[in-house]
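> Take this sequence and fold it.
(2 chains)
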Protein chains: 2
Amino acid sequence: MSRLAAFLEPKSIAIVGCPSDLGRPGARPLVHLLKHGYAGRIYPVNARHAEIGGLRAYPALSALPEPPDMAWVGVPGPDVEPVLEECARLGIRNAVILTAGFGETDAAGKARQQRLRRIADEAGITVLGPNMLGFINCWTRVPLTFSPAGGIDRLIPGALGIASQSGALGGIVVNRAMDRSIGVSAMVSTGNELGITVSECLEHFADDPRTGAVALVAEGIRDGARFRAAAARLLEAGKPLVALKVGRSRAGSRNALTHTGALAGSHEAWRAVARQLGIVEVDTLEDLVEVAGFLSRERRPPRRGVAVLTTSGGASIMMADHLEARGLALPRLASSTVEAIGKLLPEYAVTRDNPVDVTAGLSEELFEQVLATLARDPEVDGVVTTVTGARGVERARNIARVAREADRPVVVCWLSGSLTDAGVPILDAEGVACFRSPRTTSAALAAARSFAAARAAWLRRPGRAGRPAPAVIVPDLEGALPHAVAAGLARRAGLAMAPGALVAGPAGAARAARRLGFPVALKVVARDLAHKTEAGALALDLGSAAEVRRAGARLLAATRGHRIDGLLVQRMVRGIEVLAGVTRDPTFGPLLVLGAGGVTAEALGDTSVRPLPVTRGEIREMLTEIRSLGVLGGWRGAPPADVPALVAAVEAVARLAAALGDRLEAIDVNPIVVGPRGRGARAVDLLVQVRRGGGRAGQ
Amino acid sequence: MSRLAAFLEPKSIAIVGCPSDLGRPGARPLVHLLKHGYAGRIYPVNARHAEIGGLRAYPALSALPEPPDMAWVGVPGPDVEPVLEECARLGIRNAVILTAGFGETDAAGKARQQRLRRIADEAGITVLGPNMLGFINCWTRVPLTFSPAGGIDRLIPGALGIASQSGALGGIVVNRAMDRSIGVSAMVSTGNELGITVSECLEHFADDPRTGAVALVAEGIRDGARFRAAAARLLEAGKPLVALKVGRSRAGSRNALTHTGALAGSHEAWRAVARQLGIVEVDTLEDLVEVAGFLSRERRPPRRGVAVLTTSGGASIMMADHLEARGLALPRLASSTVEAIGKLLPEYAVTRDNPVDVTAGLSEELFEQVLATLARDPEVDGVVTTVTGARGVERARNIARVAREADRPVVVCWLSGSLTDAGVPILDAEGVACFRSPRTTSAALAAARSFAAARAAWLRRPGRAGRPAPAVIVPDLEGALPHAVAAGLARRAGLAMAPGALVAGPAGAARAARRLGFPVALKVVARDLAHKTEAGALALDLGSAAEVRRAGARLLAATRGHRIDGLLVQRMVRGIEVLAGVTRDPTFGPLLVLGAGGVTAEALGDTSVRPLPVTRGEIREMLTEIRSLGVLGGWRGAPPADVPALVAAVEAVARLAAALGDRLEAIDVNPIVVGPRGRGARAVDLLVQVRRGGGRAGQ
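Residues are numbered from 1 along each chain as shown, chains lettered A, B, ... in the order given. Model (predicted):
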């Protein structure tokens, strides 16, 4: 049993800082435990009362008849440290610290949290918190939480695991899930994550047989490498992870830092990780609950698309809009289906292909028959039906009957308002997926499909990534490596460079150019020149030795004052320009960035990002995500580009990053020039930045 | 009083096709009128019963004691025409036709609808429908509708006007609005729009003093010019129009055509119209109800941004994310505010600037004081507060108290679930805007701001657009005009072309090039050559007469077989390439399209579109919407481009379109080459396509 699994099933709990008045907020954990019949022993700790809520209370932890499995710490800030010290003395191994005012605040708060960490580490105490609202284990009925969700009337055990850095939002996810009859295995709010992090929660849910999908609310991941491994473990276990990651905005990030002291990292890096690991991203609590709740019970992917059945033309069009926007097809129905439906429908209901609008006049009996017919159509992998009419209860019962017998998902988009809403709880109780908007319906179905695709791709990953990274010796510098050093490292990693030579001056350049063959490009190599074009440090298409000499002199004059290493003469290569770079994210480590070469990628934000390492398949996928590289496939008569050579070049860049290891700061290969198929891809410019040794690797 | 205003207040109604069993759906209009105490006279028409629902029933319209103001026609398809003919004979001036199976179906249905139209036109009958669910006038209590919404218990009169081509969705908007205590002036469902269109509804709502904002559900606009004029009238009246326009998808468009027979037009054209006229676009019913409902009561725009107040760090970050994504700022608070809040808050609640997280432990009294303080901050134009905690009713009362006294919008994003939901109806009843997701909250606030901005821009529009279009004579051709003709028309419209000459062959080209000055570009001009680059019909940067001669021969050889008009020699112009085109949308008429020149715009879909005519200000705004034209402002050391000259060139293209009038099919100026500031912008290539005279103008 993992440490978190044990943590979530304490046999006895001391509640330190429990008021005697059960109406006060501080008594909530006790009230919740009593309400739901917690089976273990409860010890309220309160110096001024001998009995609380019908239980014997104790003046201090040291006065308890046994060291409890767990201490709930709900005391004022200055008292937290002494209480934790007492836990250490008494051998209490688990603590939940509600109190705020630690790492999420100022330097003094961070120091206070550091002291708590030392106490916990030395005594081997597993800490949840501080600055969170506790946890709810629904299966073993342990609602040890300050969140009002612990006081919900019906705590429904089920397959949805919830991990939330925010206690308030975690509680709302529980409340909203149960409002929709979605069962929860456990909710863990992690707050400042002194001990248990959301990554550890994901590991637990991956192994927990009762959990089928996970809803995550995150402000900032603190342990990037562990998080990626945990998300991968969920992916391998076939359990979808749906994440509401907040902190995209400037004002939001400001608070993500102050609030739980999380290192926000860039949202770009997060998205790259999510993409790689099949994490489903949502941006509202509603979508989190509905999509994760759906996936906790239904994971059959609607690969080929769905049939849509409505009683309103407007609803059918709206539903089709949202499904297509999410990439879900509405295939033509089988002719046998069209024929069968045609026999059922009156003359005026003419839209007999997908989406099917049977109009509002149809009897409930006929509606059910049409729905059942669609649920058997051999061309679709699911059916979506919208509810817009008057007969909510009858409609819900009929849909539930069809859904029970169908061999594929039958889901509902319930558009009506209060006049018809009585049908919704019927579907909820029957476990039929029922969404309230076409946006969420489509998001859920798309999530089932994208998760399945991501999992298949992940399981297909080769065990070992292609050629291993070469062992390299990196000069003990900081900043940009000299061009010759960088180029040497890149070549060792297998990157094909445009043929060229580094020379001292114009005369040498002319000689080198003659050897390389005209036309050539000439550029000034200087560590303090990032943008060569603007600095006048670049001349292209030079056709003769004389031109090279003149250009060399002009370039050197234009860049006087810079730290010049020499002139680089390169044979001109032509083709499509691609940028390949690597940056280091403080949370998730090295990220590969691809985009169109030159200034386009930067100007348009048209890039694709993945955490390293990547597979060849992922590189190919990345290239398809960059709109301005659509030209690689050939454009207006131009031949298709040498994509295999480009992929090999990008693999070499990734290998270079791996070879640099901890020393890597950034790599910028811009451009790689990709010729027509069979003609190769060659790096033309290259910048490698390193940091001093001993830096902690991000992964 | 407009014809629709009169239509919505009938003094007497005959219900043709009313069953005697009031439990049957067909009796709904009668049931709804009776339930809400319709003040006029009701005449059920039924050949087999003498009394229905306590009212005397009549065997036929001709048997009524008076010709009623309005006939509700709910008879089977084949009976509709005879009933309408009887209306004509009896002088009944208004008819609502429920029955489906007309223009939305097949050719026979369209013919049936055409016959109805003829009868209505000849007799001067105003028709609503067919194939819709009627209307609800909430102020005068006329729920003449088949929609279940007519049977709602509390029909709340208010400021929200609803126009919907879809009857089902229109009814749901009414139901959902009233679920949230949002009052409605009238809902009109228009269906096949034989008579009354949504455009006519917008005109009515613009003039109706009881309506403050309009919610529109549209599948396809049938009268583009009238729609634009009506939307402009709403804009001028200061009444926001919020639209859910369905039919973006391929499958959806398929049904938009079959369903109500609407001409879908392209969604691009719709979006361009929406943008120009300040129409707020939403894509779910929830957003339609919430955003339009909000704007029907609150239109003060949060120009400088808002303050956010939460009791949860996660909620504050999530809210900030959504607001910033919509372009709403969270300004720093005034120092006096920070100071005042600091005094109110305990030590551990440290985030005292915007967004403000006062943490969950705060008393309700202090919360109210902080909220009131924020609502007085001189740096913000509104306050958003999220609800995540336990005390829903108390919190709602406190917020409502502050909102009542505030001089700016105080809006709520209610995130909690059922445990706290009891507070929501309190806010609803008090008229405090209360949203259920940060996405909708941000959408509503952004809509208030964008509407105000669009209205201001619209009111600033010059009364007359710059130079008038020249009178031109267009040859009676169809398709692409000969280059010389097109260039002549463009010059008359004021478009500056790159200096050039059209010549017969290579020798003439060399002579012309000498006159123009080297380097030159050379291209084959042929009406059947759209893409010159791919056809090998283009040579650039020719530096001498000899080069021109050789290139001319090569080009002519490569394009043998085409309908060649000659060789065009142009002086090479350098700069940023911009595409300016005009296409004709079947619904909305000529549309101006701008994008990056060359193949980029097409490859990236990075364009901006507006219906013509446009103002100079709109052209400038369009240029800012094109990401790949960010370079116009200067990029990496390149000087800023001559934007005023580019704007003048685009104005000339628009003038050319106006001059062509009905004859316009398409204009494609690609590229306009824009030099550095002060150096002008010149069109390099030009294609003008015309159609035969007599075509109906789209606007």
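
> going on from the helix or strand encompassing A:Val548, what's the next piece of helix or strand?
In this assignment (DSSP states H and E), A:Val548 forms part of helix A:545-558. Sequence-wise, the next helix or strand downstream of helix A:545-558 (DSSP H and E) is strand A:564-571.

> hmm, who's touching that next one?
The contact list for strand A:564-571, computed with Cβ atoms under 8 Å, 6 or more residues apart in numbering or on different chains, reads A:482-484, A:498-506, A:508-509, A:512-513, A:516-517, A:519-527, A:548, A:552, A:555-556, A:684. Where you see a C-beta, it was placed from the backbone N, CA and C, and this is true even at glycine.

> Please apply the same query to stretch A:610-620.
Contact with stretch A:610-620 is made by A:228, A:269, A:272-273, A:275-276, A:457, A:460-462, A:465-466, A:582, A:585, A:588-592, A:594, A:622, A:643, A:647, A:650-651, A:654, A:657-658, A:699, as judged by Cβ under 8 Å, 6+ apart.

> Can I have the buried ones of those residues as a ChimeraX selection?
Selecting only the buried entries of the contacts of stretch A:610-620 in ChimeraX, with 16 or more other Cβ atoms under 10 Å in any protein chain shown as the criterion:
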select /A:228,269,272,273,275,276,457,465,582,585,588,589,590,591,592,594,622,643,647,650,651,654,657,658,699
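
> and A:Arg332, what does it touch?
Applying Cβ under 8 Å, 6+ apart, the residues near A:Arg332 are A:Asp353, A:Asn354, A:Glu379.

> returning to that earlier point: does any part of the helix holding A:Val548 sit near chain B?
No - if you take Cβ under 8 Å from any Cβ of the partner chain as the test, helix A:545-558 misses chain B, and the best it gets is 12.1 Å.

> Show the model's pLDDT score for A:Val573.
pLDDT recorded at A:Val573 is 89.

> now it, what's its secondary structure?
Reduced to three states with DSSP: H, G, I helix; E, B strand; the rest coil, the structure at A:Val573 is coil.

> do the same with A:Gly161
Reduced to three states with three-state DSSP, the structure at A:Gly161 is strand.

> Any idea how many residues pack against the one residue in the stretch 1-150 of chain A that gets nearest to chain B?
Nearest to chain B in the stretch 1-150 of chain A, going by Cβ to the nearest Cβ, is A:Gly101, at a distance of 3.2 Å. A:Gly101 has 23 neighbouring residues, counting by other Cβ atoms under 10 Å in any protein chain shown.

> same check, this time on A:Glu236
12.

> With A:Gly134 instead?
So A:Gly134, with other Cβ under 10 Å, has 29 neighbours.

> What sits closest to it if chain neighbours are left out?
Using Cβ to Cβ, 6 or more residues apart in numbering or on different chains and skipping residues adjacent in sequence, the residue nearest A:Gly134 is A:Thr145, 3.5 Å away.

> what sits against that neighbour?
Residues counted as contacts of A:Thr145 (Cβ under 8 Å, 6+ apart) are A:Arg28, A:Pro29, A:His32, A:Leu133, A:Gly134, A:Phe135, A:Ile136, A:Gly167, A:Gly171, A:Met187, A:Ser189.

> From A:Arg222, how far off is it?
22 Å (Cβ to Cβ, to the nearest Å).

> returning to that earlier point: in a strand, the residue of the stretch 1-150 of chain A closest to chain B, correct?
No - using three-state DSSP, the assignment for A:Gly101 is coil, not a strand.

> Do I have it right that it meets A:Gly77?
Yes - between A:Gly101 and A:Gly77 a contact is recorded at 4.5 Å, counting by Cβ atoms under 8 Å.
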